[in-house]
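Asks: Could you work out the structure for the sequence below:
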Amino acid sequence: MERSYRYLGYFFLLLLPVITLSFHPSYGSKFPDFEPGFDPFIHVHAILATLWVALVISQPFLIANKKISLHRSFGKFSYFLFPLLILSFVPAWIKIIRSGAYENLFFSLGDCVLLVTFYSLSIFNRKVPGKHMRFMIATVLVLLGPTIGRIGPAFMGLDMIITQTLQYSIILSILIALTFYDIRNKKDSQPYTLAMFAFGIHAVVFYLLFL
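Replies: Numbering: from 1, shown residues only. All right, here's what the predicted structure looks like:
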């Protein structure tokens, strides 16, 4: 691992309490006594998403502690886990389509497009450690979308437009900061540039749909 990113795992760990908080009203507060009729597919999605978050958090720690073989094994496990995670969104999409609120497909479908894009680029560059790591960081930033998207309305009383704008502002600020950090350390920041472009498209589509 690049020395300048040796504490990356600890930054990833900061996601845990934030994600837990964001899903508490809609899921955590109902555990384990869920109401009759609670969609069982939500449990499947929750389990797969939890495994994914645990995997991406563990990877930088494995590299930092020179557990390269285990890091690669976990990476291969992601070939199985990641497609299942994406497929776990399908029942929710079907429900949205049946409701006729097609514009609401944007949120999870748009995030899935970003996840698939960044994950695919990360795996494609798995033999180029710097690019591989940076594209995986971009996949982690996608998680901020549904996280902030829940915290904004539930805990801050923000409407959808302000919540999404806050989300984009935070994510793009992080990417800009990481870009300058890499430039200062004479590293290739191209993955962050591509990530900013992708999140920018995500934002444009959102505003076209909902403004």
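
Asks: Number of residues surrounding residue 84?
Replies: If you count neighbours by other C-beta atoms under 10 Å, residue 84 ends up with 14. C-beta here means a position set from N, CA and C on the backbone, and glycine is covered the same way.

Asks: Let's check: the centremost residue of the chain is which one?
Replies: Centroid check for the chain by C-alpha atoms, centre = their mean gives residue 143 as the closest residue, at 2.5 Å.

Asks: Next up, phi/psi of that residue, please.
Replies: phi -60, psi -20 (degrees, to the nearest 10).

Asks: Just the buried residues of stretch 174-181, please?
Replies: 174, 175, 178, 179 (16 or more other C-beta atoms under 10 Å).

Asks: Let me know the closest of the residues you listed to residue 126.
Replies: Set against residue 126, the nearest of these by C-beta to C-beta is residue 178 (20.0 Å).

Asks: my guess is that closest one contacts residue 137, does it?
Replies: Yes: using C-beta atoms under 8 Å, residue 178 is in contact with residue 137, at 7.2 Å.

Asks: Point me to the residue sitting farthest from the middle of this protein.
Replies: residue 36 (29.9 Å).

Asks: That one and residue 29, how far apart?
Replies: 17 Å (C-beta to C-beta, to the nearest Å).

Asks: In this structure, where is pLDDT below threshold?
Replies: Applying pLDDT under 70 to the chain picks out no residues at all.

Asks: what's the first-to-last distance across stretch 21-34?
Replies: End-to-end distance of stretch 21-34 (C-alpha to C-alpha, to the nearest Å): 18 Å.

Asks: Sort out which residues of it are buried, please.
Replies: For stretch 21-34, the neighbour count (16+ other C-beta under 10 Å) marks 22, 23, 24, 27 as buried.

Asks: what do you get for stretch 138-155?
Replies: 138-152, 154.
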